[in-house]
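# Structure, please.
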Amino acid sequence: MAFNGYDFYLDRCLLPVTPSKLELHINNANKTVHLMNEGEVNILKMADLTDIEFECDIPQVKYPYAAYKNEFQKAEYFLQYFEDLKTGRKPFQFIVCRRFPNKANSYNDNGQRAADDGQLFSTNIKVSLEDYKIIEDAKNGFDLTVKVKLKQWRDYGTKIVNVTFAGDKSQASVEPNRQGSASAGAGSYTVKKGDCLWNIAKKLYGNGSKYTIIYDANKDTIGGNPNLIYPGQVLTIPSV
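As a prediction, the model looks like this:
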């Protein structure tokens, strides 16, 4: 049964029935070692990638508790979408929007979404689809169950080291990863596939938590949910 107030998105695909359980394994790479005459110590390292697992029901007929972005789609549509994500060799956004059902559509006297609109914390993470399993069970009739495994995607790239010589001295500087980002203070930013407001703020301001600045300046464009932005949208980037 779907959980009212929860929406699951794989890229731009809304799952018709909200999974009843979501597991996020927040992994780390710390290593415990024994040092001579020092005993056991913990060596802290950069965090490993997060693993995500869930099961989702894919109905073959339209149920009153199922949700569709545009119109009803049979299971074939979603199975093809899963396959395209798995074989596309590109990361995508995994988004879970959480809110209290009785406040999901709360608006103030001016027709704007109220500040206390029941919004809970949301998951917005760039991932890859590692594998999925299709289960057909006679007790579910013609409906399907799909077990999905995702893994966090971390952008990476080459670094350039510039070495300059001045007399007997040399100086080296390292350029950041070449990822192709918009420059800070550009005034506007065109959303690319895989973008989220947190990542955009991190690119432009150097701090992802400043995404609220971008959201507040673009509410008319984005709408009531800061997690739902789409490629091609042009966002206003305020100076800070």
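# list the helices and strands the longest helix along the chain packs on?
Using DSSP state H, we find that the single longest helix of the chain is helix 75-87. Helix 75-87 sits against strand 6-10, strand 51-58, strand 123-136, strand 144-152, with contacts defined as 3 or more CB pairs under 8 Å, 6 or more residues apart in numbering; DSSP states H and E. For every residue, glycine as well, the C-beta is placed using N, CA and C.
# closest to residue 27 out of these?
strand 51-58 (6.5 Å; CB to CB).
# Paired strands for the closest one, with orientation please.
strand 22-25 (antiparallel), strand 144-152 (antiparallel) (DSSP bridges).
# what does the last one contact?
So the one you mean is strand 144-152. Applying CB atoms under 8 Å, 6 or more residues apart in numbering, the contact partners of strand 144-152 are 10, 49-58, 60, 75, 78-79, 82, 94, 125-137.
# Weed out the non-buried ones from the residues you listed.
10, 49-52, 54-58, 75, 78, 82, 94, 125-129, 132 (16 or more other CB atoms under 10 Å).
# Spell out the residue ranges of the helices in this protein.
So, for the chain - with DSSP H - the helices run 75-87, 197-205, 211-217, 219-222.
# Is it possible to get a markdown table of those that adds mean pLDDT and distance to residue 17?
Shown next, in a markdown table, are these (pLDDT from 0 to 100; distance: least, CB to CB, whole Å):
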| stretch | mean pLDDT | distance to residue 17 |
| --- | --- | --- |
| helix 75-87 | 93 | 10 |
| helix 197-205 | 87 | 27 |
| helix 211-217 | 86 | 29 |
| helix 219-222 | 82 | 26 |
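# Which of those sits closest to residue 28?
Short answer: helix 197-205, nearest of the helices of the chain by CB to CB, at 20.7 Å.
# What helices and strands are in contact with the closest one?
Helix 197-205 packs on helix 211-217, going by 3+ CB pairs under 8 Å, 6+ apart.
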